[in-house]
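S.K.: Let me see the structure of the following:
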Amino acid sequence: MARRRTRKRIQCGGHKNNELLMAALKIGDDKWFAEILKSPGVDPSYDNNYAMKYAAEHASRPNGVRFFEIIKLLLLLKDKRVDPSKENNLALRKASEYGQTDIIELLLQDPRVDPSVEEQSAIRLASEKGHTEIVKLLLKDKRVDPSVKEQSAIRLASKNGYTDIMKLLLQDPRVDPSVIKQNALKLASQNGHIEIVELLLQDPRVDPSVDKQFVLKQAVHKDKNDILRILLKHPKVDPSVDNQYVLLQAVTKNNVEAVRELLIDKRVDPGINIDGHEQAILHLAIEIGDPNMIKLLLLHPKVDPTIDNQFAIWAAVASNSLSTVQAVLQDPRVDPTVSGGPGKPSAIELACLNRNKDLVGILLQDPRVNKNPAIFKMARDGKFSPEINTLVLSMEPDKLWEGFSRADMEKLDTIFSEDANNYSCCPVCMRYVQRGDGCMYMSHNCYNEPGADTVDDFWYNMYKSPEGLIYWCTICGRICLGHRHYKLGATSEKLQLEPVLPGSDPFAKDCAREGGGGIGEKMMRFAAFRELAYELQKEVGKLPRRKALEELVQEMWAAPISRLAGRRAKNNLAAKKFRLSSNLFPSPVASNNAPNILRNAKNAKLLPTVAPGYNTIGGTDDDKVIQFHHREKNGRINNHEDTKIGIDSFENYIQTNLNDGKAGPCWLDTCTAIIHPDEIKELVRLDVFPDAMYKRYKDAFNRVQKGGRGNILHEAENAKCVIWTTKKNKNTTRRNKKVRGGTKRRR
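M.R.: Residues are numbered from 1 along each chain as shown. Predicted coordinates:
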């Protein structure tokens, strides 16, 4: 009804119709506006071209399309009273901004319209908003210059990714894409406009290396991997700039794809030293913890995970990340058993100390760890929490039986050749024990003894004391309880103890009054042990070591205590030898490399030797140290007379430097000699402990000293034999007698 009433008013006169035109204009009703324009007396330029100005100003509103229609209606009138250039060509600028191509065409037909006003605002707005057809129209006008305001048009088009507009602009000779330090390329790169980057790089004026390879750095920083790939093909792009900053940034952003692209370039060095930190890029990747990134870096020949005491695996374990550790372990150069540095644990030790059972499990499955005896020895020594110790020992691999050497048998011979109460062997765990003066009984907890080869669970649980100790007699070798012998034939169902007779003395050399079987019983047991040990030589490299040792323990317990065995034992004792000689067992394999020279004594190897604190070679030296004697690479003989290594430190040296049969440098940094495991093979065994190791080397390699020993069997002087003395000592005794006799005759 209101519209019909208005239409009646239209016929009232021009003034009223102009007011109605303004009303239609302000509500944006283009259809009503078109109707009123047809009325007589209407002036489209009413109120100083108010309609054109108002429509242009409101064209940017949400319903701006209606106002553009009004502008179009005004232009189509071809009424000279309508001036489209009002408000500094606002209509043209708005049409350029909002992509009104048909209006632009109409506006450009009017000579009053100037597309160059406001510093070429029309071409800049059209380029910024991506209106290709309008840019094309404007560029045909000679008044339009796309280079104004420091090439604003091409920079805006580049920023917003309008490839077609870029192509149009680059055809204009006035356009220079290199202005403001290659701003167009920088904008296209940071916003990921691949086609525009490719287009710009074809222009010889474009240089992607400006500002210290800023474009490349920016592509990595913004994770624009496609742009990175394109830039790396350009000859002016150098990804190694600023100490491999681009690669470092890619790793920091954890952008695996970017790192992969960068590592293809030969100029990229992922192993570079950054601020004094070697292999900093790998270590950063480990800190971030992406296994894919770590694996990728480790494939590069310049990445070395062993630098700084195997810091890579150490840091991976410190992160407590399973996936990180697994990624680092894939590199065959990694060794989790190497110390992290002075005073630092190895990676596997760190995992154990941190009580991370999952990490410990992963590491122990690795052959580089489970073939190294050190960690299992530490667990047996109780270095970690009980839970971790149990876990580590449960994963200890079965070693193959290596058999006994001649030196092993000679070592066990000391159980007979030395004071029986001070040299013995536990019948349950087979541990060789040496001590100072004591009674005929020894005891220990087999599971608490570091380095015990095997513990027979059956016998241990059967005979352990309430305190968990195994007692045994050093004279006859039988298990005891306190100072009382168990009866022979005792079973788990009925354990009986022998009575102790009056006048017994636990410090005596005979256990008969204590209920034992004497030295004869021990000879029976060790004779059976020796014969089985000889038979097991054919199982070397085939039978699991633990199984072989368990069989030997069982054989000692199953040794027949019979009249026949007793007669044989008596004959052995009388002959001062076993039926099977130690010479039937193999000598240790000599080193083929033989870097050490002979000592002054004939046929004596120049090996690490004991330097005891006293002239005598007893078992109570205050300073248990090792002295090295060998030839260095330059041929100079080095005795290290002023510098010695403690027995504990030497044991650590063996475990960390001479594993898996590898040669290692001398423990002294200033020495160039190379040590070979075959030469110190005895020391690499798990069943040899610091004290026993010390005794072994004193016995084997020290020169004869007054009041002491020069080899496995002691000299007659200072002798306290239970069974026999050496042939050498006998000859020496005979010579002494002759000399004494001859001296008397001369007198």
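S.K.: the strands in the stretch 201-350 of the chain, which residues?
M.R.: Under the criterion DSSP state E, counting those that start in this stretch, strands of the stretch 201-350 of the chain are mapped to 339-341, 344-346.
S.K.: Comparing those strands by mean pLDDT, which bottoms out?
M.R.: Mean pLDDT is lowest for strand 339-341 out of those, coming in at a mean of 84.
S.K.: List the buried residues of it.
M.R.: 339, 340 (16 or more other C-beta atoms under 10 Å). (C-beta placed from N, C-alpha, C; glycine too.)
S.K.: Indicate each strand paired with it and its parallel or antiparallel sense.
M.R.: In the sheet, strand 339-341 lines up against strand 344-346 (antiparallel) (DSSP bridges).
S.K.: contacts for the strand it pairs with?
M.R.: Contact partners of strand 344-346, identified using C-beta atoms under 8 Å, 6 or more residues apart in numbering, comprise 309, 310, 314, 336, 337, 338, 339, 340, 353, 374, 375, 656.
S.K.: Filter these down to the buried ones.
M.R.: By neighbour count, with 16+ other C-beta under 10 Å, these hold 309, 310, 314, 336, 337, 338, 339, 340, 374, 375, 656 as buried.
S.K.: For the fifth one, give me its contacts.
M.R.: What it means is residue 337. So residue 337 contacts 346, 347, 348, 368, 369, 372, 374, 375, 656, 659 (C-beta under 8 Å, 6+ apart).
S.K.: and if you look at the second one?
M.R.: Shown in contact with residue 310 (C-beta under 8 Å, 6+ apart): 334, 335, 336, 338, 340, 346, 347.
S.K.: Report pLDDT for residue 422.
M.R.: The predicted local confidence for residue 422 is 81.
S.K.: Please name the nearest non-neighbouring residue to it.
M.R.: With sequence-adjacent residues excluded and distances taken as C-beta to C-beta, 6 or more residues apart in numbering, residue 422 is closest to residue 435, at 5.4 Å.
S.K.: quick one on the thing from earlier: can you add distance to residue 232 and give the strands of the stretch 201-350 of the chain back as CSV?
M.R.: Formatted as CSV, the strands of the stretch 201-350 of the chain follow (distance: least, C-beta to C-beta, whole Å):
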stretch, distance to residue 232
strand 339-341, 37
strand 344-346, 40
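S.K.: between those, which gets nearest to residue 172?
M.R.: Residue 172 sits nearest to strand 339-341 of all the strands of the stretch 201-350 of the chain, at 64.6 Å, using C-beta to C-beta.
S.K.: Now do the helices for the stretch 301-450 of the chain: every range, in order, please.
M.R.: Under the criterion DSSP state H, counting those that start in this stretch, helices of the stretch 301-450 of the chain are mapped to 307-318, 322-329, 347-353, 357-364, 367-370, 373-380, 386-394, 406-417.
S.K.: would JSON lines of those helices with mean pLDDT be doable?
M.R.: Below are the helices of the stretch 301-450 of the chain laid out as JSON lines (pLDDT from 0 to 100):
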{"stretch": "helix 307-318", "mean pLDDT": "93"}
{"stretch": "helix 322-329", "mean pLDDT": "95"}
{"stretch": "helix 347-353", "mean pLDDT": "93"}
{"stretch": "helix 357-364", "mean pLDDT": "93"}
{"stretch": "helix 367-370", "mean pLDDT": "86"}
{"stretch": "helix 373-380", "mean pLDDT": "84"}
{"stretch": "helix 386-394", "mean pLDDT": "88"}
{"stretch": "helix 406-417", "mean pLDDT": "80"}
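S.K.: Most tightly packed of these?
M.R.: Mean neighbour count (mean count of other C-beta atoms under 10 Å) peaks for helix 347-353 among these, with a mean of 25.
S.K.: which helices and strands does that one pack with?
M.R.: The contact analysis (3 or more C-beta pairs under 8 Å, 6 or more residues apart in numbering; DSSP states H and E) places helix 347-353 against helix 307-318, helix 357-364, helix 373-380.
S.K.: How many residues are close by residue 240?
M.R.: 17 (other C-beta atoms under 10 Å).
S.K.: how about CSV for the helices and strands packed on helix 347-353, with distance to residue 247 added?
M.R.: What follows is the helices and strands packed on helix 347-353, written out as CSV (distance: least, C-beta to C-beta, whole Å):
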stretch, distance to residue 247
helix 307-318, 17
helix 357-364, 29
helix 373-380, 36
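S.K.: of the ones you listed, which approaches residue 201 most closely?
M.R.: helix 307-318 (38.2 Å).
S.K.: which intervals of the stretch 401-550 of the chain have sub-threshold pLDDT?
M.R.: Along the stretch 401-550 of the chain, segments meeting pLDDT under 70 span 449-456, 489-494.
S.K.: ok, which stretches of it are strands?
M.R.: Under the criterion DSSP E, counting those that start in this stretch, the stretch 401-550 of the chain contains strands at 423-425, 432-434, 441-444, 470-473, 479-481, 484-485.
S.K.: Looks like residue 212 contacts residue 239 (just checking).
M.R.: No. Using C-beta atoms under 8 Å, residue 212 is not in contact with residue 239; the gap is 11.9 Å.
S.K.: Looking at these two, which is more packed in?
M.R.: Using other C-beta under 10 Å, the more surrounded residue of residue 212 and residue 239 is residue 239, with 25 against 11.
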